[in-house]
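[1] Build the 3D model from these lines:
(chains A and B)
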Amino acid sequence: MAVDPLIELRDVNKHYGKLHVLRDINLTVGRGEVVVVIGPSGSGKSTLCRAINRLEPVESGTILLDGQPLPEEGRALAKLRAEVGMVFQSFNLFAHKTVLANVSLAPLKVRKRGKDEANKRSRELLERVGLLDQADKYPAQLSGGQQQRVAIARALAMDPKALLFDEPTSALDPEMINEVLEVMRQLARDGMTMVVVTHEMGFARSAANRVVFMADGRIVEDRTPEEFFTAPESERAKDFLSKILKH
Amino acid sequence: MNVLIDNFSLYGEGLLGTVELTVYASLLALVLGFVMASFRVAPVGSLRVFGTVWVDVLRNTPLTLLFFAVLLGLPRFGVVLPFQLFAVLALGCYTSAFICEAVRSGINTVPTGQGEAARSLGMTFAQTLGDVVLPQAFRSVIPPIGSTLIALAKNSAIAGSFSVTELLGVYKPLNEMGYSIIWSFIWIAVGYLIVTLTISAIFNVLEKRYGVAR
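    Take a look at the predicted model:
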């Protein structure tokens, strides 16, 4: 499978109280690979995504990033997180800062870049997501789709090795979904390593190298999109697909 | 009416004493309050415990008792400072517990996603708090901090019982000189109003300037 693993999860388990949200998760994401995680709600897919940069600590098992195990809370963890970008369902742009300042903040504070250098790079990234003209506005003045594209630019500003997307289009109006997916497709074409939790089957088909199907905290299937969508193996996946594809 | 004009310098000294106590104790309370609030939300367990104990002990001690503890207790351990400084310490530490809780409630108004986004970018706890969470918490803590500092200004009257020059204590010499108690106190009350209304005005300006949610 993956020749050059960037993200590895080995026997990862996590509970929320009695609920076993992650059950013996084993997953390897290779460099440059795009893995789409789908599944019914409550299946643990968001938790899986958040566990990769330890926004959710796990109870047992190992998570390796570029061969290094995730450190405990502290500076070492912060350093590792800087290498993995994250895009959230609710955008989470810093509400008190302009679009440009949102993108530049982490390069300034974490990478200790100069202000001019950071802002120059931020403008390039905003141009890449088509929002250079909004640089001086505040997040609340933008549409959801625009906010999410800024959030992607903000994650890219750290030059991450991989990007995690936690349902990036679930909070968007239908007409804004495409502008975000288009940016993500472009990133995939450019060779960015991506883990994408989504309900967008079209994106999974067109941009993913692999589809991981989760249900009840387990990885049920892990296959190419072509195989998964045309001939799912498990009953659970067949059931899931029949519900979402026929309407 | 004459009591004010005849004893203007006495009132002036008292007012100045109260203003000094209020300003210095406020600064101490603000600094300590922010530090303790940071401790109480820190990822390090021992800091959280320290912050919690600090708040619980100081908030639940009567201020007069705290004055006794500081002014009579500390000298026994060889800490001898001017009484005014002791009073600032007692007032500042006491009020810092209330500031801490106001700041912490402000921190809780900031959506958790803001902190998560900052952490996911590799920012440390201090950077996340200082650059992302506190600036957004600030606007919602302006009104309660204003109230707390007004309470501090009025609490400073207790220092007068410990031979620190301040406004309320002015009544003692006036009383001995035979002035009407009522008028003596009316002008003292006006003095407190000057201090507290100034604090109110400052916080109104701050609220107008920073309190707008974007």
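
[2] List the buried residues in the helix or strand hosting A:H15.
    Secondary-structure assignment from DSSP states H and E places A:H15 in strand A:5-16. Across strand A:5-16, burial judged by 16 or more other CB atoms under 10 Å in any protein chain shown covers A:5-9, A:12, A:14. For glycine as for every other residue, the C-beta is placed from the backbone atoms N, C-alpha and C.

[3] out of everything not next to it in sequence, what's closest to A:G74?
    B:P43 (7.9 Å; CB to CB, 6 or more residues apart in numbering or on different chains).

[4] before we move on, back to that, the strand holding A:H15 and chain B in contact?
    No - applying CB under 8 Å from any CB of the partner chain, one finds strand A:5-16 separated from chain B by no less than 14.6 Å.

[5] The residue nearest to A:G74: neighbouring residues, count only.
    12 (other CB atoms under 10 Å in any protein chain shown).

[6] Could you do B:R59 as well?
    14.

[7] what about the residue nearest to A:G74, is that helix, strand or coil?
    coil (DSSP: H, G, I helix; E, B strand; the rest coil).

[8] so it makes contact with B:A126?
    No - with contacts counted by CB atoms under 8 Å, B:P43 stays clear of B:A126, the gap being 10.8 Å.

[9] Show the contacting residues for the closest residue to chain A within chain B.
    Closest residue of chain B to chain A, CB to the nearest CB: B:G122 (2.6 Å). With contacts defined as CB atoms under 8 Å, 6 or more residues apart in numbering or on different chains, B:G122 is in contact with A:78-83, A:106, A:110, A:158.

[10] if you set the cut-off to 7 Å instead, what comes out?
    B:G122 is in contact with A:78-79, A:81-82, A:106, A:110, A:158, counting by CB atoms under 7 Å, 6 or more residues apart in numbering or on different chains.

[11] Keep the residues you listed, but drop any that are not near chain B.
    A:78-79, A:81-82, A:106, A:110, A:158 (CB under 7 Å from any CB of the partner chain).

[12] Can you say which of the residues you listed are buried?
    Among those, those classed as buried by 16+ other CB under 10 Å are A:78, A:81-82, A:106, A:110, A:158.

[13] what are the phi and psi values for A:A215?
    Per-residue torsions, A:A215: phi -150, psi 140 (degrees, to the nearest 10).

[14] Against A:F240, how distant is it?
    7 Å (CB to CB, to the nearest Å).

[15] Which residues are in contact with each of those two?
    Shared contacts of A:A215 and A:F240, counting by CB under 7 Å, 6+ apart, come down to A:P40.

[16] thought B:V19 was touching B:V195?
    Yes - counting by CB atoms under 7 Å, B:V19 does reach B:V195; the two are 6.2 Å apart.

[17] These two: who's more crowded?
    Higher neighbour count among B:V19 and B:V195: B:V195, with 21 against 18, using other CB under 10 Å.

[18] which residue sits closest to the residue nearest to the spatial centre of chain B, ignoring its sequence neighbours?
    With distances taken as CA atoms, centre = their mean, B:S26 lies nearest the centre of chain B, 3.9 Å away. Leaving aside its sequence neighbours, B:S26 sits nearest to B:L149 (CB to CB, 6+ apart; 5.2 Å).

[19] who does the helix or strand where the one you found lies touch, helix- and strand-wise?
    Per DSSP H and E, B:L149 falls inside helix B:134-155. Where contact means 3 or more CB pairs under 7 Å, 6 or more residues apart in numbering or on different chains; DSSP states H and E, helix B:134-155 is packed against helix B:8-40, helix B:83-109, helix B:181-210.

[20] Ranking those by mean neighbour count, which comes first?
    helix B:83-109 (a mean of 22; mean count of other CB atoms under 10 Å in any protein chain shown).

[21] got the residues of chain B near chain A?
    Residues of chain B lying near chain A (CB under 7 Å from any CB): B:43, B:113-114, B:116-117, B:119-124, B:127, B:131-132, B:135-136, B:214.

[22] Repeat the analysis, applying 10 Å as the threshold.
    For chain B, the residues in contact with chain A (CB under 10 Å from any CB of the partner chain) are B:43-44, B:110-128, B:130-133, B:135-136, B:138-139, B:210, B:213-214.

[23] Which ones among those residues lie within strands?
    Taking DSSP state E, every one of those sits outside strands.

[24] Of the residues you listed, select the buried ones using a ChimeraX command.
    In ChimeraX, this line selects whichever of the residues of chain B next to chain A come out buried by 16+ other CB under 10 Å:
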select /B:110,114,115,116,117,118,119,120,121,122,123,124,125,127,128,131,132,133,135,136,138,139
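
[25] in chain A, which segments are predicted with low confidence?
    Applying pLDDT under 70 to chain A picks out residues A:1-3, A:245-247.

[26] quick one: the helices in it?
    Secondary structure of chain A by DSSP state H: the helices cover A:45-51, A:75-81, A:99-109, A:115-128, A:144-156, A:174-189, A:201-207, A:225-230, A:235-245.

[27] Output those helices as TSV; include the columns distance to B:L10.
    TSV is the format used below for the helices of chain A (distance: least, CB to CB, whole Å):
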stretch	distance to B:L10
helix A:45-51	66
helix A:75-81	57
helix A:99-109	53
helix A:115-128	55
helix A:144-156	61
helix A:174-189	70
helix A:201-207	79
helix A:225-230	87
helix A:235-245	83
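
[28] out of those, nearest to B:M177?
    Of all these, it is helix A:99-109 that lies closest to B:M177, at 61.9 Å by CB to CB.

[29] Please state the offset of that closest one from the chain centre?
    With CA atoms, centre = their mean, to the nearest Å as the basis, helix A:99-109 stands 19 Å off its chain's centre.

[30] Would you mind getting the angle between it and helix A:115-128?
    Calculated by axes from the mean of the first three to the mean of the last three CA atoms, to 10 degrees, helix A:99-109 forms an angle of 130 degrees with helix A:115-128.

[31] For helix A:99-109, C-alpha coordinates in CSV please.
    Taking C-alpha atoms only, helix A:99-109 is exported to CSV below (Å, rounded to 0.1, in the frame of the first residue of the first chain):
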residue,chain,number,x,y,z
VAL,A,99,-8.7,37.9,7.3
LEU,A,100,-5.0,38.8,6.6
ALA,A,101,-4.2,38.8,10.3
ASN,A,102,-5.9,35.4,10.7
VAL,A,103,-3.6,33.9,8.0
SER,A,104,-0.5,35.6,9.3
LEU,A,105,-0.9,35.0,13.0
ALA,A,106,0.6,31.6,13.3
PRO,A,107,3.5,32.2,10.9
LEU,A,108,4.4,35.3,13.0
LYS,A,109,4.0,33.7,16.4
